[in-house]
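Colleague: Using only what follows, build the 3D model:
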Amino acid sequence: MNALIWEAPRQMALREVPTPTPEADEVLIKVAYAGICGSELSGYLGHNALRKPPLIMGHEFSGEIVEVGGQAAETHPHLKPGVGVTVNPLYCREPSEFQERGLDQLCPSRTLLGAHRPGAYAAYVTTPARTVTPLPAGMSLRMGALTEPVACAVRMGELSGDVAGADVLIIGAGPIGLLALQVLKHRGAARVFIVDLDQERLGMGEALGGVAMDPRRQDPVETVREATGGRGVPVAIDAVGLGVTRTQCVAATMSAGLVLLTGLHEETSQMPAADIIRREIRVQGSFAYTPANFAAAVDLLAQGHIGLDPWIVEAPLAEGGLWFERLLDAPGKVAKVLLRP
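Modeller: Numbering: from 1, shown residues only. As a prediction, this is how the structure comes out:
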């Protein structure tokens, strides 16, 4: 089968590799669409210790079941050849206290398809049957490929708490920021301020109902403070991960409010600790999603409450390397690239 192999920083190549065979508890899926994630862009550059070349990346995907392992056929009789599915690529290899609490993404033994094992930038991929979710009737494979990033946004919305009628700030209008905007609006948020340097992405955020801000033209903190009568927002989300964006989120948040950190651009950065302490601001991380968040993402997509059209681009798998470069340099009016094997 054809597979897109990451061989070294900024080096992708389409290679012929053996088609995988599913283990007894696994299924073999013919990949229909596989999205390019921001974490994979970081890996492509060689900045992500989780991913080591040579590697078949790809963890946001959908496809059709081709083969079901013997044990999987008994334990998951609803999984049959021809069924359209999406996959939760983040799962526990061993039981843990976090898994018991429904926080599989925090398991010490967590495994990610496309990082710890071959992913979906290929014609076929195998995965444990327990990670597979059949798509609801009427839901396209194209839409199903968005489930994983939407689940990340659902987690952010859950951790944000009750935002009905409240204003929220998001710094970063990449795919996750745009999806988080939609989740927060769906949860009843009043105004969602969204900040980015890219004019195309700001246009997308505005089209989705956000209040767009270019920090080169207006100070996000001053603008948010002025718009909220000096109080600040109860929830600010950093979807970039720089010291400056994290600090801006703290400054724009009202006393006793919440700063949610999800961007991972910088591993470490200074934070205004004294301001956080004196104003009793809560700072929380948001990492990936729970199985319940993943299921909720499927429902939101199936009901048409969230999406990234008309800014989705479909491209042949062979052009994957070109699209990695374009997304790093000048993506244009593109919110998500879906590769087609």
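
Colleague: ok, which stretches of the stretch 1-150 of the chain are helices?
Modeller: According to DSSP state H, counting those that start in this stretch, the stretch 1-150 of the chain carries its helices in the segments 38-44, 70-75, 97-100, 141-144, 147-160.

Colleague: For the third one, output the C-alpha coordinates as PDB.
Modeller: Think helix 97-100. What follows is helix 97-100 as a C-alpha-only set of coordinates in PDB (Å, rounded to 0.1, in the frame of the first residue of the first chain):
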ATOM      1  CA  GLU A  97      -7.100   5.200  37.900                       C
ATOM      2  CA  PHE A  98      -7.500   7.900  35.200                       C
ATOM      3  CA  GLN A  99      -9.300   5.500  32.900                       C
ATOM      4  CA  GLU A 100     -11.600   4.600  35.700                       C
END
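
Colleague: Which residues belonging to that helix are considered buried?
Modeller: For helix 97-100, burial by neighbour count (16 or more other Cβ atoms under 10 Å) applies to F98, Q99. Glycine gets a C-beta too; all of them are placed from N, C-alpha and C.

Colleague: And the average pLDDT for that helix is what?
Modeller: The average pLDDT within helix 97-100 is 96.

Colleague: Same check on the fourth one?
Modeller: In this model, helix 141-144 has a mean pLDDT of 98.

Colleague: what's that helix packed up against?
Modeller: If you count contacts as 3 or more Cβ pairs under 8 Å, 6 or more residues apart in numbering; DSSP states H and E, helix 141-144 packs onto strand 26-35, strand 60-68, strand 84-87, helix 291-302.

Colleague: Let's have the ones you listed in a markdown table, adding mean pLDDT and mean neighbour count.
Modeller: Listed next are those as a markdown table, based on pLDDT from 0 to 100; neighbours: other Cβ atoms under 10 Å:
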| stretch | mean pLDDT | mean neighbour count |
| --- | --- | --- |
| strand 26-35 | 98 | 24 |
| strand 60-68 | 98 | 23 |
| strand 84-87 | 98 | 24 |
| helix 291-302 | 98 | 20 |
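
Colleague: wait, which of those is closest to I276?
Modeller: helix 291-302 (26.6 Å; Cβ to Cβ).

Colleague: in the chain, what spans have low per-residue confidence?
Modeller: Within the chain, no stretch has pLDDT under 70.
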